[in-house]
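1. would you be able to build a 3D model of this:
(4 chains)
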2 protein chains.
Amino acid sequence: MIHPRPAGQHTVRRHNCALVLGAIAESSGLSRAGVAASTGLTKATVSTLVDRLAAASLVRDEGPQRRDGPGRRGTSLSLNPDGPHGLGVEIAVDHVATCLVDLTGQVRWSRVSPAANRAQSPGRVLGRVAKAVAAALAEAARRGVVVGGAGVAVPGLVEASTGLLRRAPNLGWQDVDVPAELRARAGLESVEVLVGNEANLAAYAELQAGGHDGVRDFVHVSGEIGIGAGLVLGGELYDGTRGFGGELGHFPVSSRGPECSCGARGCLERLAAQEAILERAAAPDLPSLLGALESGERKAVAAVRAAARPLGTALSSVLNLLDVPAVVLGGTYARLHPWLAEPLREELTRRVLGAPWSPIDVLCSPLGTEAAVRGAAASAVRTIVADPDTFIAASGRA
Amino acid sequence: MIHPRPAGQHTVRRHNCALVLGAIAESSGLSRAGVAASTGLTKATVSTLVDRLAAASLVRDEGPQRRDGPGRRGTSLSLNPDGPHGLGVEIAVDHVATCLVDLTGQVRWSRVSPAANRAQSPGRVLGRVAKAVAAALAEAARRGVVVGGAGVAVPGLVEASTGLLRRAPNLGWQDVDVPAELRARAGLESVEVLVGNEANLAAYAELQAGGHDGVRDFVHVSGEIGIGAGLVLGGELYDGTRGFGGELGHFPVSSRGPECSCGARGCLERLAAQEAILERAAAPDLPSLLGALESGERKAVAAVRAAARPLGTALSSVLNLLDVPAVVLGGTYARLHPWLAEPLREELTRRVLGAPWSPIDVLCSPLGTEAAVRGAAASAVRTIVADPDTFIAASGRA
DNA sequence: CTCGATAAGTTCAGTCGCCAAACTATTGGG
DNA sequence: CCCAATAGTTTGGCGACTGAACTTATCGAG
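-> From the prediction side, this is the model:
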């Protein structure tokens, strides 16, 4: 059993610091008095904590508010966009991406470097990654911003407890300690480095920047190579007991169906991933499929429809099991959204038990292929916003 | 968004009180010094908190420990079995069950009253339940124990946020506020009353009393009427976003298959629930099926095997999605365990991706039909153990 | 223009729970 | 009999929040 920690006054301050910052993050432009009202803390306490947050340049004082009626005006507080940034890194089979995201979740800088990483040794790939990270750090230095944390998105199973990348089939890696490697190779010694599965982090990006506002519970699916899924429950990424959660590709959706690499038959992945759709539509690649769809070719439209059924079958089971009211389509599926959404919604409505009471949303991700890097950076920013006191303490002694 | 609460010193004490009690619960017979070591608190703090817990009769001083070597002996501390009890209530279609469980999780008293509750009005049934609760409270009074909380298991969807029983198909109920009704009818005014889905609470009972020691992550399935499932993740009951989680009965496992009441085809429930097995085995009821199995009748054995496949298909999807390493068979499935476990394990081993690395346990519940009531009572006890300070404050002013 | 009403933000003594360290109590061994 | 070792208690101090009084800022009415 993981032992919970004893609490002391410092714990109280940590909690309340996070509470105050959270209130400011949630509604920008709040005054100290407003924060006090929304958190339940006293004005005195809020003042102290805001001073602390401002000193660490997490919060910015934006001058007096507009108000009508008598009384002194409050000072607008908001997250400081020039405060610490989160560094996002994505290691994919064909590229390495990096970006810098500010506290408000805005992407302030990003870069993608093509790289043939498939079946390359970890050392070689991590060398490339270290270079890209160095460039990002240089950019941050040029802008005079502190990098407060880093997140790395990887295409494989990440063990939550250890941070180890257990298996990455497409890279051919096994048991690689990515954070340790990057800390050593790329001058990230003083920064917290998180790793996460690429599909899970894409889901998190969707929550943070997707603009489906108010939707705090959904399943995010994207179908590039295989099918990646990520769960967001109650505004938090849910990644299972050991962090392996969200494996959806091998859902058995057809007792017959083609054989899969996993040994079973009728896996979702073989029926609804990008490759399966292209094959059925007799399209050589995604652009040509999209072209065919736009000109309304029956074969292409039918291929997408055919993928919607098994996808809907699998997702409806997830929705029934976890009681989630929305599905977000990302990656390739986002581009197919106009043709995919309706048949998918039909299938879900038919199969989800709660559908008659609360209709199911099938949403489209606006983030495209950048979702995973953004999610990685956002998860780094999250660690600061969710626990500012630790960040302040760390930057104080550094 | 649900607003988190501000923290103060009282929050610290609450947290540490729970920490100390948790340490004692986890390893009975610990001394104050032992608690201090395992929690990280100082001996001074532990002493204060233990006094507090002892004054509320949550913790009992059991005299000096045995130790070898020099030094003063510590005093053994353990959960007080004569401290507050949890009251468990189960409202089923054919009976009402009640029980009293002490802080250690032992059932100290229980009673089952047959009752034809199917399709009866809530008022009528709750009248019966109130009577059973009154009898349980009288028994508690006779024993001189305080009832510190109550849990009610119901066969339907319970909304976590409101505690409302949204739908109970087998009872024919809709939107019933069970806690409020019971508080009003059964003299439970001063006691916290929790409601939960019967399958989820059975899973919780399994965690608490099932004796699969060390297993803190599993799916619990039982097949009486329909198929009920409950998830335990990291030693906590997981009941989904709104508390509707664990719906497994309508997993689509066969694209053909018989039509189901939900409108779809090939639902797990129609293929693997008790009724389906009996029908296939041509057995009139469960006892006769068990008899046939014990005398090795091929038709009966084949029927159970036939149910194992779809069950395994559905469960493997859950295991892949949530990364859980064990399945516990309860209710009817527990009785079929000798014939069901092996084919089920085979199916799971074939389909679960992580199986080659960590084998999947298929365990048998020893709790029988009492699981749900016990789980209800245990969940009531849990609220005390997980937050003793609130209990102490409440009993102090009462 | 001044004064009163209203609201934001600050200051300060008070309270509460934890901590560190010193102290008392108990036990086995030389 | 005294010492080393361990359990538990007492005491003074500290940090973080609270409540209430106080200062600052703004508007509108006379």
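
2. which stretches in chain A count as helices?
-> Counting by DSSP state H, the segments of chain A that form helices are A:9-26, A:32-39, A:43-55, A:122-143, A:178-185, A:198-209, A:268-272, A:274-281, A:286-294, A:298-322, A:331-335, A:337-351, A:371-386, A:388-397.

3. in a markdown table: the ones you listed, plus mean pLDDT, mean neighbour count and distance to chain B.
-> In this view, the C-beta of every residue, glycine as well, is placed from N, C-alpha and C. Below are the helices of chain A laid out as a markdown table (pLDDT from 0 to 100; neighbours: other CB atoms under 10 Å in any protein chain shown; distance: least, CB to the nearest CB, whole Å):
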| stretch | mean pLDDT | mean neighbour count | distance to chain B |
| --- | --- | --- | --- |
| helix A:9-26 | 96 | 20 | 4 |
| helix A:32-39 | 96 | 20 | 6 |
| helix A:43-55 | 97 | 18 | 8 |
| helix A:122-143 | 97 | 17 | 20 |
| helix A:178-185 | 94 | 18 | 19 |
| helix A:198-209 | 93 | 28 | 12 |
| helix A:268-272 | 91 | 26 | 9 |
| helix A:274-281 | 95 | 19 | 17 |
| helix A:286-294 | 96 | 16 | 26 |
| helix A:298-322 | 94 | 22 | 4 |
| helix A:331-335 | 94 | 24 | 18 |
| helix A:337-351 | 95 | 19 | 6 |
| helix A:371-386 | 97 | 27 | 11 |
| helix A:388-397 | 89 | 16 | 12 |
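
4. rebuild those helices as a markdown table, extending it with distance to DNA strand D.
-> As requested, the helices of chain A are exported to a markdown table (distance: least, CB to the nearest atom of the strand, whole Å):
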| stretch | distance to DNA strand D |
| --- | --- |
| helix A:9-26 | 3 |
| helix A:32-39 | 8 |
| helix A:43-55 | 4 |
| helix A:122-143 | 30 |
| helix A:178-185 | 29 |
| helix A:198-209 | 27 |
| helix A:268-272 | 49 |
| helix A:274-281 | 51 |
| helix A:286-294 | 52 |
| helix A:298-322 | 35 |
| helix A:331-335 | 43 |
| helix A:337-351 | 45 |
| helix A:371-386 | 16 |
| helix A:388-397 | 9 |
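
5. for the residue in the stretch 151-300 of chain A positioned nearest to DNA strand C, give me the pLDDT.
-> In the stretch 151-300 of chain A, the residue that lies nearest DNA strand C is residue A:192 (24.5 Å; CB to the nearest atom of the strand). At residue A:192, the pLDDT value in this model is 92.

6. count the residues that sit near it.
-> Look at residue A:192: counted by other CB atoms under 10 Å in any protein chain shown, it has 17 neighbours.

7. in a markdown table: the helices of chain A, plus distance to residue B:154.
-> As requested, the helices of chain A are exported to a markdown table (distance: least, CB to CB, whole Å):
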| stretch | distance to residue B:154 |
| --- | --- |
| helix A:9-26 | 35 |
| helix A:32-39 | 36 |
| helix A:43-55 | 43 |
| helix A:122-143 | 52 |
| helix A:178-185 | 46 |
| helix A:198-209 | 33 |
| helix A:268-272 | 34 |
| helix A:274-281 | 43 |
| helix A:286-294 | 48 |
| helix A:298-322 | 19 |
| helix A:331-335 | 38 |
| helix A:337-351 | 25 |
| helix A:371-386 | 36 |
| helix A:388-397 | 42 |
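
8. give me the distance between the closest residue to residue A:343 other than its chain neighbours and residue B:250.
-> Spatial nearest neighbour of residue A:343, chain neighbours left out: residue A:308 (3.7 Å); criterion: CB to CB, 6 or more residues apart in numbering or on different chains. With distances taken as CB to CB, to the nearest Å, residue A:308 is found 19 Å from residue B:250.

9. what are the structural domain limits within chain A?
-> When chain A is parsed with automatic domain parsing, its domains come out as A:9-79, A:85-201+A:372-397, A:211-366.

10. end to end, how far does the last one reach?
-> I take that to be domain A:211-366. Domain A:211-366 has an end-to-end distance of 8 Å (criterion: CA to CA, to the nearest Å).

11. how about the shortest one?
-> Separation of the first and last residues of domain A:9-79 by CA to CA is 25 Å.

12. quick one: it to chain centroid distance?
-> 27 Å (CA atoms, centre = their mean, to the nearest Å).

13. ok, now the second one?
-> The chain centre lies 12 Å from the centre of domain A:85-201+A:372-397; the measure is CA atoms, centre = their mean.

14. restricting to C-alpha, output stretch A:272-280 in PDB.
-> Extracted C-alpha coordinates of stretch A:272-280, given in PDB (Å, rounded to 0.1, in the frame of the first residue of the first chain):
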ATOM      1  CA  ALA A 272     -12.000   0.500 -37.900                       C
ATOM      2  CA  ALA A 273      -8.500   1.800 -37.900                       C
ATOM      3  CA  GLN A 274      -7.300   4.100 -40.700                       C
ATOM      4  CA  GLU A 275      -5.700   1.200 -42.600                       C
ATOM      5  CA  ALA A 276      -8.900  -0.800 -42.600                       C
ATOM      6  CA  ILE A 277     -10.900   2.100 -43.900                       C
ATOM      7  CA  LEU A 278      -8.500   2.900 -46.700                       C
ATOM      8  CA  GLU A 279      -8.400  -0.700 -47.800                       C
ATOM      9  CA  ARG A 280     -12.200  -1.000 -47.900                       C
END
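
15. do you know how far residue A:380 is from DNA strand C?
-> Distance of residue A:380 to DNA strand C, given as CB to the nearest atom of the strand, to the nearest Å: 30 Å.

16. got the contact list for the residue most central in space within chain A?
-> Taking CA atoms, centre = their mean, the centroid of chain A lies closest to residue A:204, which sits 2.5 Å from it. By CB atoms under 8 Å, 6 or more residues apart in numbering or on different chains, residue A:204 lies in contact with A:196, A:230, A:232, A:237, A:375, A:378, A:379.

17. closest to residue A:23 among the residues you listed?
-> residue A:378 (19.2 Å; CB to CB).

18. what distance do you get for that closest one to residue A:150?
-> Relative to residue A:150, and taking CB to CB, residue A:378 is found at 12 Å.

19. for those two, list the residues in contact with both.
-> Shared contacts of residue A:378 and residue A:150, counting by CB under 8 Å, 6+ apart, come down to A:86, A:88.

20. residue A:265 contacts residue A:256, doesn't it?
-> Yes - shown here, residue A:265 and residue A:256 form a contact pair, counting by CB atoms under 8 Å, at 6.5 Å.

21. neighbours of residue A:261, how many?
-> Neighbours of residue A:261 using other CB under 10 Å come to 12.

22. with residue A:187 instead?
-> 14.

23. check residue A:108 too.
-> Using other CB under 10 Å: residue A:108 sits among 18 other residues.

24. in space, what's closest to it - neighbours in sequence excluded?
-> Closest to residue A:108 by CB to CB, 6+ apart is residue A:100, at 5.0 Å.

25. for residue A:163, give its distance to residue B:174.
-> Distance from residue A:163 to residue B:174, by CB to CB: 47 Å.

26. of those two, who's got more company?
-> For residue A:163 versus residue B:174, neighbours defined as other CB under 10 Å are more numerous around residue A:163 (17 against 14).
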